[in-house]
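sequence and computational prediction follow.
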Amino acid sequence: MAIDLGFYFSRLIHHYNLSYSEVLALPIRTFWMMSRNVDRHRAEMDISQLRLLRASQTSEEHLKDFAESLTEQLSSPIEIKRSLEDAEPDADAIDRLKSLLGNAISER
């Protein structure tokens, strides 16, 4: 089995608008993860274009539904299901944060 690395390099350069040296600098796991996601990104765009084409050939009601579905997609890429009111306070959170910031706080 042979792998055409030139194809994969070119693919990342084109899709993500990276330079050759930027692709070479990627950790190997990141390189393959980004490569796998190219097809997913393209499929997402193709589905979106197909939905747009379909919506343009339907009634005004379907067009309105399509616009609403796009608006929902734009709302938030991450949904937090839990409420902050349900969260329990973390007594030593401030101390942990200070230790993480360490010198940054003491240098001020």
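On my side now, so go ahead. What you are looking at is a predicted structure, and each value in this text was computed from that prediction instead of being measured. Numbers count the residues shown, from 1 in each chain.

so where does L18 fall, helix or strand?
For L18, there is no helix or strand it lies in under DSSP states H and E.

that one contacts L12, doesn't it?
Yes: look at L18 against L12 with CB atoms under 8 Å: they come within range, at 5.9 Å. Quick note: C-beta positions are derived from backbone N, CA and C, even for glycine.

between those two, which has more neighbouring residues?
L12 (20 against 16; other CB atoms under 10 Å).

the more buried one against R36, yeah?
No: counting by CB under 8 Å, L12 does not reach R36; the two are 10.9 Å apart.

lowest-scoring secondary structure element of this protein by mean pLDDT?
helix 103-106 (a mean of 51; mean pLDDT, DSSP states H and E).

need the helices for the chain, in chain order.
5-16, 20-25, 28-56, 60-75, 93-101, 103-106 (DSSP state H).

looking at those, which is buried most?
helix 5-16 (a mean of 14; mean count of other CB atoms under 10 Å).

what packs against that one?
helix 20-25, helix 28-56 (3 or more CB pairs under 8 Å, 6 or more residues apart in numbering; DSSP states H and E).

how about these in CSV, adding mean pLDDT and distance to A67?
Shown next, in CSV, are the helices and strands packed on helix 5-16 (pLDDT from 0 to 100; distance: least, CB to CB, whole Å):
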stretch, mean pLDDT, distance to A67
helix 20-25, 94, 37
helix 28-56, 88, 8
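
in JSON lines, list those along with distance to A2.
Output for the helices and strands packed on helix 5-16, formatted as JSON lines (distance: least, CB to CB, whole Å):
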{"stretch": "helix 20-25", "distance to A2": "19"}
{"stretch": "helix 28-56", "distance to A2": "16"}
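
output stretch 56-67 as CSV, nothing but the C-alphas.
Taking C-alpha atoms only, stretch 56-67 is exported to CSV below (Å, rounded to 0.1, in the frame of the first residue of the first chain):
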residue,chain,number,x,y,z
SER,A,56,-35.1,28.3,-4.3
GLN,A,57,-37.4,26.0,-6.3
THR,A,58,-40.1,25.7,-3.6
SER,A,59,-42.9,27.8,-2.1
GLU,A,60,-42.4,30.9,0.0
GLU,A,61,-43.3,28.9,3.1
HIS,A,62,-40.5,26.4,2.5
LEU,A,63,-38.1,29.2,1.9
LYS,A,64,-39.1,30.7,5.2
ASP,A,65,-38.5,27.4,6.9
PHE,A,66,-35.1,27.1,5.2
ALA,A,67,-34.2,30.6,6.5
